[in-house]
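Undergrad: Provided below are the primary sequence and the corresponding predicted coordinates.
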Amino acid sequence: MTTAALGRTTRVVRLHLANPRTTIVLPALILGAIFVLTYAIWWLVSTNLDPSDAADASNGTQYSGAPGWIFFYMLVVAVQAMNLTFPLALGYGSTRRDFYLGSALTFVLLSAGWAIALTVLSALETLTGGWGIGMHMFTTIYFGGGENETWQRLVIFFCLMLFFFFTGAVFATVFVRWKATGLVAAFIAIGALLVGVIALVTYTRSWDAVGAFFLQAQALGTALWLLVPTAIAGVTGYLVLRHATPRS
């Protein structure tokens with residue numbers, strides 16, 4: 001990559017991050033509000049239970065989906081970033097290739113930043129025994145549980161963030177190129193593919209094998225496998241955007 005191309009790519013990154021309210025401030029505020037509400041609810045529950053019942057209830061919080069919203073939020077962020085920033089970046093002289101590389105770099109940086117933040121929170125949650133009341137929010141079973149090594153949770157958070165960012169990006173590029181018609185067609189195609197996979201697994205009686213695969217892979221292995229569809233989404237998004245024309 002030449003110096004000029006690198007400059008155009010970093011300019012796209014700065015363009016995406018020009019308003020940190022959408023990518024950092026707002027999700028942090030919502031995450032904080034969810035944490036406070038979750039803490040208050042669990043404190044009320046735990047203080048009115050016998051110690052043995054409280055331990056069972058604490059195990060139940062390992063299945064909390066409270067922090068999961070942030071990953072879906074980043075999918076929306078990716079959609080907005082690709083859809084709204086594309087014509088602006090081209091107006092500033094960036095090529096489609098520069099724009100997509102800059103967008104991909106932005107998603108990687110945001111994924112790393114949020115993965116580090118969530119990992120720090122999960123480490124604090126472990127060290128404080130669930131914030132002093134046995135609560136699970138950042139060490140749920142979906143993130144490997146409270147017994148996982150810190151580096152493993154970091155990898156899990158990073159892979160999940162990348163998956164949702166690039167999934168949102170590929171849908172956004174389809175919309176940029178073909179608008180609502182293309183997006184509806186994409187959803188229909190994906191739906192048909194999922195139904196076909198489910199039918200195949202059901203017909204071959206392979207659900208036990210699927211369950212065994214996820215049990216063996218666990219959270220870390222499953223997160224690493226997500227890098228495959230993430231890479232496919234990344235390449236597909238670039239190929240679609242290459243021929244996209246910005247419209248008002």
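TA: Yes, it's here.

Undergrad: beyond the lowest-mean-pLDDT helix or strand in the chain, next helix or strand please.
TA: When the helices and strands of the chain are scored by mean pLDDT, DSSP states H and E, helix 51-60 comes last with a mean of 66. Counting by DSSP states H and E, the next helix or strand C-terminal to helix 51-60 is helix 69-91.

Undergrad: helices or strands next to that following helix in the packing?
TA: helix 3-16, helix 26-46, helix 96-127, helix 150-203, helix 227-241 (3 or more Cβ pairs under 8 Å, 6 or more residues apart in numbering; DSSP states H and E). In this view, the C-beta of every residue, glycine as well, is placed from N, C-alpha and C.

Undergrad: which parts of it are buried?
TA: Going by neighbour count (16 or more other Cβ atoms under 10 Å), the buried part of helix 69-91 is 70-71, 73-75, 77-79, 81-83, 85-87, 89-90.

Undergrad: try stretch 194-207
TA: Residues of stretch 194-207 classed as buried: none (neighbour count, 16+ other Cβ under 10 Å).

Undergrad: and for stretch 227-245?
TA: Neighbour-count burial for stretch 227-245 [16+ other Cβ under 10 Å]: Thr230, Ala233, Gly234, Thr236, Gly237, Tyr238, Val240, Leu241, Ala244.

Undergrad: what residue lies at the spatial centre of the chain?
TA: Residue closest to the mean C-alpha point of the chain, counted by Cα atoms, centre = their mean, is Met161 at 3.1 Å.

Undergrad: residue ranges with poor pLDDT in the protein?
TA: For the chain, the stretches flagged by pLDDT under 70 are 1, 5, 49-58, 145-148, 247-248.

Undergrad: residues near Arg97, how many?
TA: Arg97: 15 surrounding residues under other Cβ atoms under 10 Å.

Undergrad: so who does it touch?
TA: Contact analysis of Arg97 by Cβ atoms under 8 Å, 6 or more residues apart in numbering lists Tyr238, Arg242.

Undergrad: how near is it to His243?
TA: 12 Å (Cβ to Cβ, to the nearest Å).

Undergrad: what's the closest residue to Leu105 other than its chain neighbours in contact with, if anything?
TA: Distances taken as Cβ to Cβ, 6 or more residues apart in numbering put Val13 closest to Leu105, at 5.5 Å, once the chain neighbours are dropped. Shown in contact with Val13 (Cβ under 8 Å, 6+ apart): Gly102, Leu105, Thr106, Leu109.

Undergrad: neighbouring contacts of stretch 153-165?
TA: By Cβ under 8 Å, 6+ apart, the list of residues contacting stretch 153-165 from outside reads 71-72, 74-75, 77-78, 107-108, 110-112, 114-116, 118-119, 122-123, 138-139, 143-144, 148, 219-220, 223-224, 226-227, 229-230, 233.

Undergrad: what does stretch 229-236 give?
TA: The contact list for stretch 229-236, computed with Cβ under 8 Å, 6+ apart, reads Ala104, Cys159, Leu162, Phe163, Phe166, Thr167, Ala169, Val170, Thr173.

Undergrad: any idea which of these is closest to Arg21?
TA: Relative to Arg21, the closest of these is Ala169; by Cβ to Cβ it sits at 20.2 Å.

Undergrad: circling back to that earlier point, ChimeraX command for the buried members of the contacts of Val13?
TA: To isolate the buried ones among the contacts of Val13 in ChimeraX, judged by 16+ other Cβ under 10 Å, type:
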select :102,106
